[in-house]
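[1] coords please:
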Amino acid sequence: MEKQERDLFINQIQENVLLADGAMGTYFNQKYMSEMEAEEANLEAPEWIVAIHKEYIEAGARLLRTNTFAVNHGLFPDEKKQIEVVQAAVTNAREAVRQSGKEVWIAASIGPIRQSAADREEDIWKEYCRLIDTFYQEGVRIFLFETFSELPLMPRLASYCKEKSEDSIVIGQLAVNPMGYTQHGFGMAEILKELTSEEAFDVIGFNCGVGALHMKKLLKEQHFTKDFFLGILPNAGYQQKIQGRTMSFHDTAYYAEEMKEIVNMGANLIGGCCGTTPSHIRALSKLLEEDGRVHKKKIEKIEKNSDEVRDNPTPFIAKLREGKEKVFVVELDAPFDASEDKFRKGICALQENQVDIITVSDSPMARARADASLLAVYAKKCGDVEIMPHVAMRDRNLIGLRSEILGAHINGIRDFLVITGDPVGSNDRGKITGVFDMNSIRFMKYLKHMNEELFPEEPVYYGGALNYAGVNVTAIADRMKKKMDAGCAYFLTQPIFTGEDIERIKELKRLSGGKMICGIMPLVSYRNAMFMKNEMPGIHVSDEIVNQYQPDMKKEDAEEVAVRISLEVAEKLLEVADGFYLMTPFHRVSLVNRIIDAIRKMLS
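    Model (predicted):
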């Protein structure tokens with residue numbers, strides 16, 4: 001886009017309310033009842049797409065989005081196919097404009113690319129760049145990022161578009177729920193604060209997620225701290241699924257009436273998202289003509305000091321930070337059945353020994369156990385104990401994870417261990433599905449924003465698991481730093497047995513600077529030692545350790561060996577350990593307490 005064209009666009013949204021089109025995907029389904037996705041029709045049935053674009057233009061739209069919202073590896077795994085579809089979509093939009101004979105802006109519609117736990121961030125970034133590059137090569141200079149839920153990526157995408165051409169127009173649209181939060185926990189206030197500080201964005205706003213009524217209510221609650229151009233493209237209310245198809249049933253006059261108030265609040269760009277049709281856009285066009293409020297300025301600036309998260313550490317975090325004493329963390333396994341007796345007795349015994357915090361495992365090895373967070377609530381009722389449930393990414397989507405943190409926080413639990421979780425075993429695949437919407441780093445970032453938006457007075461604190469095994473120690477340390485940047489306060493390590501492991505822990509401490517709570521796992525029998533040596537990846541049990549056990553040893557004798565080995569390891573870790581993380585074997589809490597007492601004596 002030449003500078004003159006950019007100036008024309010900016011003048012258009014500054015002096016007039018620019019009307020965009022409505023939904024493509026839902027209207028495509030409603031109109032053609034086809035089994036194919038709307039984006040696939042760019043190549044398979046281009047005349048259908050041209051017809052929809054023309055309907056929106058005839059209804060009054062002057063900004064047309066290309067039919068490319070879902071063009072990414074999710075729908076088109078082949079990269080060449082993605083490029084072909086983008087090219088066809090641009091051609092279809094231009095053909096509709098040509099046939100209409102009207103002056104219409106064309107914007108590249110780019111939707112969020114879903115990133116699973118297995119996807120690398122750099123690969124997702126390359127995919128975004130490929131889409132932007134293709135649009136640029138096709139001559140499109142308006143880039144509209146819509147229905148995004150993650151905030152940190154947006155400025156980077158906008159900057160990339162400006163690097164292609166400083167005269168590019170960049171529009172950023174995020175989707176929020178009726179409470180004003182995106183799927184990844186970013187609130188409206190935070191979004192407006194962050195994106196209005198980015199010069200690369202020309203228009204900032206919201207689309208999808210909510211209808212016009214809720215969008216209006218949410219906007220009324222905002223305090224704008226900087227002048228900017230505001231774009232609002234809500235849904236046509238809320239949708240229902242009937243016979244497998246998503247349908248919307250909403251009165252266009254009602255929609256337009258709610259949008260009228262949004263226009264009066266200062267919106268510069270309006271249009272529609274899911275469920276909207278050419279009828280909705282026609283109603284908006286009529287509104288703008290009849291209301292006469294077409295001369296607009298940037299949204300008024302209203303100053304407000306933003307709330308900051310109060311540093312209100314839990315007792316465990318406070319002691320860990322102070323660093324005068326080693327912390328002691330003890331893990332209890334959740335029961336496989338409905339019997340809580342052993343778990344309750346373990347809580348009481350550890351409480352009596354004044355351990356700093358008890359942590360509850362979340363279905364290790366992907367074998368179903370009692371829910372860790374619910375057990376943490378139960379432990380709180382048993383006595384005044386500090387408790388830290390593990391939160392595994394494997395078993396819950398983002399809705400479930402958010403709900404779990406909210407419920408735990410209401411029950412006074414503010415310490416968590418965030419783990420990716422062991423994968424579902426091969427024998428269970430097909431019957432049990434791992435979710436993995438998030439990996440541990442991404443969820444830590446999410447928790448950081450939950451603190452800012454929901455828990456500013458009583459934030460949650462969280463640590464991460466450290467699997468120190470691996471060829472590249474630098475890569476492991478870099479991952480630790482990423483977790484620390486996301487708010488990770490400490491690391492609980494895998495159990496440590498060998499001198500090589502101890503040296504690795506020291507090196508990771510030096511490279512990362514993270515708080516290290518070193519794992520100690522008492523091996524209570526020859527069979528236990530052989531299992532850990534041969535069947536647990538990433539845990540190094542040497543022959544020297546195994547040889548200290550005999551297959552026919554008495555329980556008492558084996559425990560003596562377990563205590564001796566645990567103390568030998570602990571003594572060698574004193575220099576590097578900020579605390580010790582003891583894993584309780586087979587509910588033998590008395591054994592763990594004995595080791596803790598011995599380490600304390602060693603420290604005194």
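[2] Tell me which residues touch Trp105, please.
    Taking CB atoms under 8 Å, 6 or more residues apart in numbering, we find Trp105 in contact with 9, 18, 62-64, 142. C-beta: built from backbone N, CA, C; applies to glycine.
[3] ditto for Leu350
    Leu350 makes contact with 330, 332, 358, 385, 589, 592-593 under the criterion CB under 8 Å, 6+ apart.
[4] What residues sit buried inside whichever strand or helix holds it?
    Taking DSSP states H and E as the definition, one finds Leu350 inside helix 341-352. For helix 341-352, a neighbour-count test (16 or more other CB atoms under 10 Å) marks 343-344, 346-347, 350-351 as buried.
[5] Ok, stretch 85-103 next?
    Those would be 85-97, 100, for stretch 85-103 by 16+ other CB under 10 Å.
[6] From those residues, which land in strands?
    Among these, no member falls in strands (criterion: DSSP state E).
[7] mean confidence score for the longest helix along the chain?
    Secondary structure of the chain per DSSP state H: the longest helix is helix 79-100. The pLDDT scores in helix 79-100 average 98.
[8] What of stretch 255-265?
    Rounded mean pLDDT across stretch 255-265 is 93.
[9] any low-confidence regions in the stretch 1-150 of the chain?
    1-2, 117 (pLDDT under 70).
[10] In the stretch 201-350 of the chain, where is pLDDT below threshold?
    Judged by pLDDT under 70, the stretches of the stretch 201-350 of the chain that qualify are 225, 238-250, 291-307.
[11] Helices of that one, start to end?
    Remark: helices assigned in the stretch 201-350 of the chain by DSSP state H, counting those that start in this stretch are 212-220, 252-264, 278-291, 315-322, 341-352.
[12] Run me through the strand neighbours of the helix or strand following the last one, direction for each.
    Sequence-wise, the next helix or strand downstream of helix 341-352 (DSSP H and E) is strand 357-360. Strands adjacent to strand 357-360 in the sheet, as given by DSSP bridges, are strand 327-332 (parallel), strand 387-392 (parallel).
[13] helices or strands up against the longest helix of the chain?
    helix 41-44, helix 46-59, strand 63-65, strand 105-110, helix 121-137 (3 or more CB pairs under 8 Å, 6 or more residues apart in numbering; DSSP states H and E).
[14] Tell me where the stretch 451-600 of the chain has strands.
    In the stretch 451-600 of the chain, the strands defined using DSSP state E, counting those that start in this stretch lie at 461-466, 488-495, 516-520, 579-583.
[15] Make sure Ile520 is actually in contact with Phe497.
    No - with contact defined as CB atoms under 8 Å, Ile520 does not count as touching Phe497 (9.3 Å).
[16] list the residues that contact both of the two?
    Counting by CB under 8 Å, 6+ apart, the contacts common to Ile520 and Phe497 are Val569.
[17] ok, the closest residue to Cys274 other than its chain neighbours - contacts?
    Distance criterion CB to CB, 6 or more residues apart in numbering; nearest residue to Cys274, sequence neighbours excluded, is Asn235 at 4.5 Å. Taking CB under 8 Å, 6+ apart, we find Asn235 in contact with 208-212, 248, 272-276.
[18] ok, now Arg321?
    Pro313.
[19] please redo it, this time with the cut-off set to 10 Å
    311, 313, 489-490, 515, 578 (CB atoms under 10 Å, 6 or more residues apart in numbering).
[20] What of Met521?
    331, 494-497, 528, 532, 536, 539, 541, 562, 565-566, 569, 581-585, 592.
[21] Could you do Lys555 as well?
    Contacts for Lys555 were tallied using CB under 10 Å, 6+ apart; they are 524-525, 588.
[22] Compare the residues you listed and tell me which has the most neighbours.
    Of all these, Ser525 has the most neighbours under the rule other CB atoms under 10 Å, reaching 21 neighbours.
[23] Thought Leu591 was touching that residue, still the case?
    No - using CB atoms under 10 Å as the test, Ser525 is too far from Leu591 to be in contact (11.9 Å).
[24] picking up where we left off before, show me which pair in the contacts of Arg321 is furthest apart.
    Asp311 and Asp578 (18.7 Å; CB to CB).
[25] Looking at the two now, which is surrounded by more residues?
    More crowded of Asp311 and Asp578, by other CB under 10 Å: Asp578, with 19 against 9.
[26] separation between that one and Ile399?
    34 Å (CB to CB, to the nearest Å).
[27] Next: Tyr136.
    For Tyr136, the distance to Ile399 equals 36 Å [CB to CB].
[28] what about those two, which has more around it?
    Per other CB under 10 Å, whichever of Tyr136 and Ile399 has more neighbours is Tyr136, with 16 against 10.
[29] Now do the same for stretch 543-553: mean pLDDT, whole number.
    Averaging pLDDT along stretch 543-553 yields 95.
[30] Of the strands of the stretch 451-600 of the chain, flag the one that's most buried.
    strand 516-520 (a mean of 27; mean count of other CB atoms under 10 Å).
[31] got the CA positions of that one in CSV?
    Output of strand 516-520 as CSV, limited to C-alpha atoms (Å, rounded to 0.1, in the frame of the first residue of the first chain):
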residue,chain,number,x,y,z
MET,A,516,16.5,-26.0,43.3
ILE,A,517,14.5,-28.3,45.6
CYS,A,518,16.3,-31.5,45.1
GLY,A,519,14.5,-34.8,44.8
ILE,A,520,15.2,-37.6,47.2
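[32] Rebuild the helices of the stretch 201-350 of the chain as a markdown table, extending it with distance to Leu157.
    Below are the helices of the stretch 201-350 of the chain laid out as a markdown table (distance: least, CB to CB, whole Å):
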| stretch | distance to Leu157 |
| --- | --- |
| helix 212-220 | 23 |
| helix 252-264 | 25 |
| helix 278-291 | 27 |
| helix 315-322 | 35 |
| helix 341-352 | 48 |
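[33] Any idea how many residues pack against Pro335?
    15.
[34] Pull the contacting residues for it.
    Taking CB under 10 Å, 6+ apart as the test, what Pro335 contacts is 341-343, 369-370, 375, 587.
[35] quick one, which of the helices of the stretch 201-350 of the chain is nearest to Arg504?
    Of all the helices of the stretch 201-350 of the chain, helix 315-322 comes closest under CB to CB, at 21.6 Å.
[36] Would you mark the buried spots in the closest one?
    Within helix 315-322, the residues that count as buried by 16+ other CB under 10 Å are 316-317, 319-320.
[37] can you tell me how far the nearest residue to Leu269 once chain neighbours are set aside sits from Ser149?
    Leaving out its chain neighbours, the residue that sits closest to Leu269 by CB to CB, 6+ apart is Gly231, at 3.7 Å. Look at Gly231 and Ser149: by CB to CB, they are 17 Å apart.
[38] Comparing the two, which shows the higher neighbour count?
    Legend: neighbour count by other CB under 10 Å for Gly231 and Ser149, higher for Gly231 (25 against 19).
[39] about what we covered before: quick check: the farthest pair among the contacts of Pro335?
    Asp341 and Arg369 (15.1 Å).
[40] So what sits opposite the residue nearest to Glu146 when sequence neighbours are not counted in the bridge?
    Leaving aside its chain neighbours, Glu146 sits nearest to Gln173 (4.3 Å; criterion: CB to CB, 6+ apart). Beta-bridge pairing of Gln173 under DSSP bridges involves Gly205.
[41] surely Gln173 meets Ala158?
    No - Gln173 is beyond contact range of Ala158, at 11.9 Å (criterion: CB under 10 Å).
[42] what do these two both touch?
    145, 204.
[43] Checking Phe416 next. Helix, strand or coil?
    strand (DSSP: H, G, I helix; E, B strand; the rest coil).
[44] What is the burial count for it?
    Applying other CB under 10 Å, we find 26 residues neighbouring Phe416.
[45] so how far is Arg414 from the closest residue to it other than its chain neighbours?
    Take Phe416 and drop its neighbours on the chain: the residue closest to it by CB to CB, 6+ apart is Tyr462, 4.5 Å away. Using CB to CB, Tyr462 is found at 9 Å from Arg414.
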